[in-house]
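give me coordinates for this.
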Amino acid sequence: PSSARERHMKKMSSVVVDALDPPAALITGDPALDPNHILLSMSNLKSMHHCYLEQLGIRGMRSSLTVSVLQNGRLWGMVCCFGRDPMVLGAHPRLAVEMLCQ
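Residues are numbered from 1 along each chain as shown. Below is the predicted model of the structure:
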């Protein structure tokens with residue numbers, strides 16, 4: 001869908017450390033702020049869509065890294081890496097892959 005393409009052009013990478021981890025609750029310091037109305041689409045700390053996590057599980061995978069490949073400012077493709085075990089990927093390797101894919 002076009003909305004997904006736009007998101008992948010703005011946010012170059014997404015990481016799933018462990019697809020079996022339950023989502024964490026979002027707690028705000030301001031009681032007037034409703035956590036359900038906070039936009040986390042560009043955050044590195046957001047949960048992935050449950051359908052994506054389900055697909056990882058069906059394939060026996062627990063972790064993933066996806067990076068957008070841009071050509072002439074347009075989304076050309078994706079580099080997708082998957083792991084059978086949970087994996088914490090630091091910011092430096094992720095940024096290095098992002099730079100290669102630009």
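
confidence score at the residue nearest the centre of the chain?
In the chain, the centroid-proximal residue (CA atoms, centre = their mean) is Ser14; its distance is 2.5 Å. Per-residue confidence (pLDDT) for Ser14: 87.

and if you look at Leu20?
92.

over to Gln102?
pLDDT, Gln102: 73.

returning to what we had before: I'd say the residue nearest to the centre of the chain and Leu45 touch.
No: with contact defined as CB atoms under 8 Å, Ser14 does not reach Leu45; the gap is 11.4 Å. (C-beta placed from N, C-alpha, C; glycine too.)

look up how far Leu100 lies from Leu45.
In this view, Leu45 and Leu100 are 24 Å apart by CB to CB, to the nearest Å.

higher neighbour count, these two?
Neighbours were counted for Leu45 and for Leu100 using other CB atoms under 10 Å; Leu100 has more, 10 against 7.

wasn't the more buried one part of a helix?
Yes: counting by DSSP: H, G, I helix; E, B strand; the rest coil, Leu100 falls inside a helix.

ok, it - contacts?
Contacts for Leu100 (CB atoms under 8 Å, 6 or more residues apart in numbering) come out as none.

show me where this structure has strands.
13-16, 63-71, 74-83 (DSSP state E).

may I see the buried residues of the last one?
Looking back up the chat, that one is strand 74-83. By 16 or more other CB atoms under 10 Å, the buried positions in strand 74-83 come out as Phe82, Gly83.

now the second one
Residues of strand 63-71 classed as buried: Ser63, Ser64, Leu65, Thr66, Val67, Ser68, Val69 (neighbour count, 16+ other CB under 10 Å).

quick check: angle from it to strand 74-83?
160 degrees (axes from the mean of the first three to the mean of the last three CA atoms, to 10 degrees).

parallel or antiparallel, list what pairs with strand 63-71.
strand 13-16 (antiparallel), strand 74-83 (antiparallel) (DSSP bridges).
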